[in-house]
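Please find the sequence and the predicted model below.
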Amino acid sequence: MRPNPPDRRESSQLLTASDQRALGEDELEVADSEADKLKKRLRAFWNAQQHYWDITSSGHCVESPARQRAASFLTPGVPVLDIACGTAANSAWLKERCRYFGIDLSITALQQPIDTTLRLACGDADHLPFRDDLFDGVVATYVLEHAVEPTKSLREMCRVTKSGGKIVLLGPAWDFPFWFPNSLRSRATNHWWRLQYTLSRLWGQFCGCCFGQLPFARVNEPDAFHSDFIYDADAVYIVWTYEVIRIMKQRGHKLLHWEVDDQLLGTNLAVRWFKRILLQLPIYRYAGSSILLVFEK
(Lines give C-alpha, C1' and ligand atoms only; values in the text may rest on other atoms or scores of the structure.)
Protein backbone atom coordinates (compact mmCIF):
# COMPACT_ATOMS: atom_id res chain seq x y z
CA MET A 1 0.00 0.00 0.00
CA ARG A 2 1.46 3.34 -1.02
CA PRO A 3 1.90 5.75 1.89
CA ASN A 4 0.07 9.03 1.93
CA PRO A 5 2.15 11.99 0.74
CA PRO A 6 3.71 13.87 3.66
CA ASP A 7 2.20 17.15 4.74
CA ARG A 8 4.22 20.33 4.99
CA ARG A 9 5.17 19.71 8.60
CA GLU A 10 6.42 16.21 7.83
CA SER A 11 8.33 17.25 4.72
CA SER A 12 10.21 19.88 6.72
CA GLN A 13 11.11 17.33 9.38
CA LEU A 14 14.81 17.42 8.54
CA LEU A 15 16.35 20.78 7.70
CA THR A 16 20.04 20.60 6.86
CA ALA A 17 22.66 23.32 6.63
CA SER A 18 22.95 22.71 2.88
CA ASP A 19 19.19 23.25 2.62
CA GLN A 20 19.61 26.58 4.38
CA ARG A 21 22.39 27.66 2.02
CA ALA A 22 20.06 27.01 -0.91
CA LEU A 23 17.38 29.31 0.50
CA GLY A 24 16.94 32.97 -0.32
CA GLU A 25 16.84 35.73 2.30
CA ASP A 26 13.09 35.44 2.82
CA GLU A 27 13.30 31.69 3.20
CA LEU A 28 16.23 32.02 5.63
CA GLU A 29 14.17 34.37 7.78
CA VAL A 30 11.45 31.74 7.85
CA ALA A 31 14.02 29.06 8.75
CA ASP A 32 15.38 31.23 11.58
CA SER A 33 11.85 31.85 12.76
CA GLU A 34 11.18 28.11 12.79
CA ALA A 35 14.35 27.52 14.81
CA ASP A 36 13.30 30.14 17.37
CA LYS A 37 9.82 28.65 17.50
CA LEU A 38 11.22 25.16 18.06
CA LYS A 39 13.50 26.43 20.82
CA LYS A 40 10.56 28.08 22.59
CA ARG A 41 8.55 24.87 22.34
CA LEU A 42 11.45 22.88 23.79
CA ARG A 43 11.84 25.34 26.64
CA ALA A 44 8.14 25.09 27.44
CA PHE A 45 8.37 21.30 27.26
CA TRP A 46 11.33 21.12 29.63
CA ASN A 47 9.77 23.59 32.07
CA ALA A 48 6.62 21.47 32.22
CA GLN A 49 8.37 18.11 32.66
CA GLN A 50 8.82 17.47 36.37
CA HIS A 51 9.32 13.74 35.73
CA TYR A 52 12.04 14.58 33.20
CA TRP A 53 14.09 16.42 35.82
CA ASP A 54 13.38 13.85 38.51
CA ILE A 55 15.14 11.33 36.28
CA THR A 56 18.18 13.55 35.75
CA SER A 57 18.42 14.13 39.51
CA SER A 58 18.28 10.43 40.33
CA GLY A 59 21.30 8.70 41.83
CA HIS A 60 21.70 6.54 38.74
CA CYS A 61 22.07 9.62 36.55
CA VAL A 62 24.19 11.68 38.94
CA GLU A 63 26.60 8.83 39.71
CA SER A 64 27.04 7.95 36.04
CA PRO A 65 30.57 6.67 35.30
CA ALA A 66 30.33 8.42 31.93
CA ARG A 67 29.90 11.80 33.65
CA GLN A 68 32.79 10.99 35.96
CA ARG A 69 34.94 10.08 32.97
CA ALA A 70 34.05 13.36 31.21
CA ALA A 71 34.86 15.39 34.32
CA SER A 72 38.26 13.71 34.67
CA PHE A 73 39.60 15.56 31.61
CA LEU A 74 39.09 19.01 33.16
CA THR A 75 41.97 20.64 35.02
CA PRO A 76 41.47 20.78 38.80
CA GLY A 77 41.05 24.18 40.43
CA VAL A 78 40.06 26.12 37.31
CA PRO A 79 36.71 27.79 36.48
CA VAL A 80 34.51 25.40 34.50
CA LEU A 81 31.21 26.09 32.77
CA ASP A 82 28.62 23.32 32.63
CA ILE A 83 26.44 24.11 29.60
CA ALA A 84 22.78 23.05 29.66
CA CYS A 85 23.51 21.73 33.13
CA GLY A 86 19.90 20.80 33.96
CA THR A 87 19.78 19.91 37.65
CA ALA A 88 23.60 20.14 37.74
CA ALA A 89 24.27 16.40 37.78
CA ASN A 90 27.84 17.02 36.59
CA SER A 91 28.56 19.06 39.71
CA ALA A 92 28.77 15.82 41.69
CA TRP A 93 32.10 15.21 39.94
CA LEU A 94 33.21 18.83 39.45
CA LYS A 95 32.27 21.01 42.43
CA GLU A 96 35.07 19.68 44.65
CA ARG A 97 37.81 19.76 42.01
CA CYS A 98 36.89 22.83 39.91
CA ARG A 99 35.22 26.21 40.29
CA TYR A 100 31.85 25.12 39.00
CA PHE A 101 29.30 27.30 37.22
CA GLY A 102 26.19 25.97 35.46
CA ILE A 103 23.75 27.43 32.97
CA ASP A 104 20.52 26.04 31.56
CA LEU A 105 17.55 27.20 29.50
CA SER A 106 14.98 25.63 31.83
CA ILE A 107 14.13 27.47 35.03
CA THR A 108 12.36 24.35 36.29
CA ALA A 109 15.62 22.41 36.22
CA LEU A 110 17.54 25.19 37.94
CA GLN A 111 15.00 25.33 40.76
CA GLN A 112 15.85 21.78 41.84
CA PRO A 113 19.63 21.36 41.61
CA ILE A 114 21.33 18.47 43.38
CA ASP A 115 23.18 21.08 45.47
CA THR A 116 21.54 24.41 46.38
CA THR A 117 24.90 26.12 47.00
CA LEU A 118 25.95 25.97 43.36
CA ARG A 119 26.34 29.02 41.14
CA LEU A 120 23.73 28.64 38.42
CA ALA A 121 22.14 30.88 35.81
CA CYS A 122 19.25 30.65 33.38
CA GLY A 123 20.43 31.27 29.84
CA ASP A 124 20.64 30.10 26.25
CA ALA A 125 23.62 28.00 25.12
CA ASP A 126 23.43 29.76 21.74
CA HIS A 127 23.94 33.17 23.39
CA LEU A 128 26.00 32.66 26.53
CA PRO A 129 26.00 35.72 28.83
CA PHE A 130 29.76 35.59 29.42
CA ARG A 131 32.72 37.46 27.98
CA ASP A 132 35.24 35.84 25.69
CA ASP A 133 37.99 33.58 27.10
CA LEU A 134 36.49 33.40 30.58
CA PHE A 135 36.58 29.68 31.44
CA ASP A 136 39.45 27.21 31.47
CA GLY A 137 37.03 24.41 30.73
CA VAL A 138 33.59 23.83 29.27
CA VAL A 139 31.62 20.62 29.65
CA ALA A 140 28.41 19.68 27.82
CA THR A 141 26.96 16.26 28.63
CA TYR A 142 23.90 15.00 26.76
CA VAL A 143 23.45 18.49 25.33
CA LEU A 144 24.21 18.62 21.59
CA GLU A 145 21.32 16.34 20.66
CA HIS A 146 18.99 18.96 22.15
CA ALA A 147 20.60 21.90 20.32
CA VAL A 148 18.29 23.48 17.75
CA GLU A 149 21.30 25.19 16.16
CA PRO A 150 24.34 23.14 17.22
CA THR A 151 26.79 25.25 15.21
CA LYS A 152 25.86 28.26 17.37
CA SER A 153 26.16 26.23 20.57
CA LEU A 154 29.62 24.99 19.56
CA ARG A 155 30.66 28.50 18.55
CA GLU A 156 29.67 29.84 21.96
CA MET A 157 31.53 27.07 23.77
CA CYS A 158 34.65 27.99 21.82
CA ARG A 159 34.18 31.70 22.45
CA VAL A 160 34.02 31.54 26.25
CA THR A 161 36.92 29.05 26.57
CA LYS A 162 40.43 30.36 27.18
CA SER A 163 43.30 29.49 24.87
CA GLY A 164 44.63 26.15 26.03
CA GLY A 165 41.36 25.34 27.75
CA LYS A 166 39.37 22.16 27.22
CA ILE A 167 35.91 21.54 25.79
CA VAL A 168 34.41 18.19 26.78
CA LEU A 169 31.40 16.81 24.93
CA LEU A 170 29.52 13.67 25.92
CA GLY A 171 26.32 12.29 24.47
CA PRO A 172 24.59 10.02 22.00
CA ALA A 173 25.32 10.02 18.28
CA TRP A 174 23.59 8.55 15.25
CA ASP A 175 26.48 8.36 12.82
CA PHE A 176 25.31 5.60 10.49
CA PRO A 177 22.69 6.94 8.05
CA PHE A 178 20.16 4.30 9.12
CA TRP A 179 20.37 5.20 12.83
CA PHE A 180 17.78 7.60 14.20
CA PRO A 181 16.95 9.16 17.61
CA ASN A 182 13.85 8.28 19.60
CA SER A 183 12.41 11.64 18.60
CA LEU A 184 11.68 10.01 15.22
CA ARG A 185 10.61 6.64 16.55
CA SER A 186 6.92 6.97 15.65
CA ARG A 187 7.79 7.59 11.99
CA ALA A 188 10.39 4.84 11.82
CA THR A 189 7.71 2.14 11.75
CA ASN A 190 7.05 3.15 8.14
CA HIS A 191 9.55 1.31 5.92
CA TRP A 192 9.19 3.85 3.12
CA TRP A 193 9.99 6.67 5.54
CA ARG A 194 13.01 4.73 6.82
CA LEU A 195 14.34 4.37 3.27
CA GLN A 196 13.85 8.07 2.53
CA TYR A 197 15.45 9.01 5.83
CA THR A 198 18.49 6.80 5.22
CA LEU A 199 19.03 8.09 1.68
CA SER A 200 18.64 11.69 2.84
CA ARG A 201 21.14 11.20 5.63
CA LEU A 202 23.56 9.40 3.30
CA TRP A 203 23.39 12.22 0.76
CA GLY A 204 23.93 14.84 3.48
CA GLN A 205 26.94 12.96 4.78
CA PHE A 206 28.38 12.60 1.28
CA CYS A 207 28.05 16.36 0.70
CA GLY A 208 29.53 17.05 4.10
CA CYS A 209 32.53 14.83 3.53
CA CYS A 210 33.25 15.75 -0.09
CA PHE A 211 32.14 19.38 -0.32
CA GLY A 212 32.17 20.60 3.29
CA GLN A 213 28.40 21.18 3.32
CA LEU A 214 27.88 19.70 6.77
CA PRO A 215 24.19 18.79 7.17
CA PHE A 216 23.54 19.29 10.92
CA ALA A 217 20.18 17.61 10.34
CA ARG A 218 17.40 18.83 12.61
CA VAL A 219 14.16 17.24 13.80
CA ASN A 220 11.50 19.95 13.77
CA GLU A 221 8.72 17.89 15.31
CA PRO A 222 10.17 15.51 17.94
CA ASP A 223 7.96 12.76 19.34
CA ALA A 224 8.25 14.18 22.86
CA PHE A 225 5.73 16.88 21.91
CA HIS A 226 3.05 14.31 21.15
CA SER A 227 3.67 11.13 23.17
CA ASP A 228 4.86 9.86 26.53
CA PHE A 229 8.47 10.73 27.12
CA ILE A 230 11.22 8.17 26.56
CA TYR A 231 14.95 8.76 26.42
CA ASP A 232 15.95 11.18 23.62
CA ALA A 233 12.36 11.63 22.42
CA ASP A 234 13.19 15.35 22.65
CA ALA A 235 16.37 15.12 20.54
CA VAL A 236 16.35 17.69 17.73
CA TYR A 237 19.90 17.44 16.37
CA ILE A 238 20.78 14.09 14.78
CA VAL A 239 24.35 14.06 16.01
CA TRP A 240 26.98 13.00 13.48
CA THR A 241 30.32 12.88 15.29
CA TYR A 242 32.35 13.49 12.14
CA GLU A 243 30.78 16.90 11.53
CA VAL A 244 31.17 17.96 15.17
CA ILE A 245 34.87 17.13 15.06
CA ARG A 246 35.27 18.77 11.67
CA ILE A 247 33.69 22.07 12.68
CA MET A 248 35.71 22.17 15.89
CA LYS A 249 38.91 21.61 13.93
CA GLN A 250 37.87 24.38 11.54
CA ARG A 251 37.80 26.65 14.57
CA GLY A 252 41.36 25.66 15.37
CA HIS A 253 40.59 23.24 18.18
CA LYS A 254 42.63 20.07 18.60
CA LEU A 255 40.92 16.74 19.27
CA LEU A 256 42.80 15.41 22.31
CA HIS A 257 40.75 12.33 22.99
CA TRP A 258 37.71 10.39 21.86
CA GLU A 259 36.08 7.17 22.99
CA VAL A 260 32.83 5.29 22.50
CA ASP A 261 31.07 3.14 25.06
CA ASP A 262 29.43 0.68 22.63
CA GLN A 263 29.78 0.40 18.86
CA LEU A 264 26.33 -1.24 18.63
CA LEU A 265 27.49 -3.90 16.19
CA GLY A 266 24.65 -6.26 17.14
CA THR A 267 24.70 -10.04 17.32
CA ASN A 268 23.94 -10.93 13.70
CA LEU A 269 27.22 -11.90 12.00
CA ALA A 270 26.31 -10.36 8.65
CA VAL A 271 25.27 -7.08 10.30
CA ARG A 272 28.42 -7.00 12.42
CA TRP A 273 30.55 -7.57 9.31
CA PHE A 274 28.74 -4.79 7.44
CA LYS A 275 29.10 -2.31 10.30
CA ARG A 276 32.77 -3.12 10.74
CA ILE A 277 33.33 -2.25 7.09
CA LEU A 278 31.52 1.07 7.58
CA LEU A 279 33.67 1.81 10.62
CA GLN A 280 36.72 1.80 8.36
CA LEU A 281 35.38 4.88 6.57
CA PRO A 282 36.51 8.23 8.06
CA ILE A 283 32.95 9.54 8.25
CA TYR A 284 31.89 6.61 10.46
CA ARG A 285 35.09 6.04 12.38
CA TYR A 286 33.57 7.38 15.60
CA ALA A 287 30.20 5.61 15.36
CA GLY A 288 28.70 4.22 18.53
CA SER A 289 26.09 4.70 21.21
CA SER A 290 27.57 7.47 23.41
CA ILE A 291 30.60 9.45 22.31
CA LEU A 292 33.10 11.31 24.50
CA LEU A 293 35.10 14.04 22.75
CA VAL A 294 37.77 16.22 24.35
CA PHE A 295 39.06 19.29 22.51
CA GLU A 296 41.77 21.80 23.36
CA LYS A 297 41.41 25.40 22.20
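Looks like it arrived, so ask away.

Which residue comes closest to Asp262 once chain neighbours are left out?
Nearest-residue entry for Asp262: Ser289, 4.3 Å, with adjacent residues in sequence omitted and distances by C-beta to C-beta, 6 or more residues apart in numbering. Any C-beta I mention is one placed from the backbone N, CA and C, and that applies to glycine too.

can you give me the helices in this protein?
Using DSSP state H, the helices of the chain run over 8-11, 17-21, 25-48, 50-56, 59-62, 65-71, 91-94, 107-110, 150-160, 191-211, 241-250, 269-278.

Nearest to His257, out of those?
Closest approach to His257 among the helices of the chain is made by helix 65-71 (10.2 Å; C-beta to C-beta).

give the contact list for the closest residue in space to Ser163 that isn't next to it in sequence.
Nearest residue to Ser163, sequence neighbours excluded (C-beta to C-beta, 6+ apart): Lys297, at 5.6 Å. Neighbour list for Lys297: Cys158, Thr161, Lys162, Ser163, Gly164, Gly165, Lys166, Ile167, Gly252, His253 [criterion: C-beta atoms under 8 Å, 6 or more residues apart in numbering].

so the third one sits right up against Asp133, yeah?
When you say that, I think you mean Lys162. Yes: taking contacts as C-beta atoms under 8 Å, Lys162 lies within contact range of Asp133: 4.7 Å.

Compare these two and say which is more crowded by neighbours.
For Lys162 and Asp133, the more surrounded residue by other C-beta atoms under 10 Å is Lys162, and the numbers stand at 16 against 13.

Identify the residues contacting that one.
Asp133, Leu134, Phe135, Asp136, Lys297.

same check, this time on Glu149
Ala35, Asp126 are the contacts of Glu149 under C-beta under 8 Å, 6+ apart.

what's the distance between it and Ile107?
21 Å (C-beta to C-beta, to the nearest Å).

do the same with Val219
Here Val219 is placed at a distance of 24 Å from Ile107 (C-beta to C-beta).

Quick check: Ala92 vs Val62, distance?
5 Å.

Overlap of the contact sets of those two?
Ile114.

Without its sequence neighbours, what residue ends up closest to Pro150?
Tyr237 is the one closest to Pro150 (C-beta to C-beta, 6+ apart), at 4.8 Å.

my read: the one you found touches His146, true?
Yes: the pair Tyr237 / His146 is scored as a contact, 7.2 Å apart, by C-beta under 8 Å.

returning to what we had before: tell me the one of the contacts of Lys162 nearest Glu96?
Taking these together and measuring to Glu96 by C-beta to C-beta, the closest member is Asp136, at 16.3 Å.

neighbours of the closest residue to the closest one other than its chain neighbours, just the number please.
Nearest non-adjacent residue to Asp136, counting by C-beta to C-beta, 6+ apart: Val78, 3.5 Å away. For Val78, the neighbour count with other C-beta under 10 Å is 15.

so Val78 touches Gly137, yeah?
Yes: taking contacts as C-beta under 8 Å, Val78 lies within contact range of Gly137: 5.9 Å.
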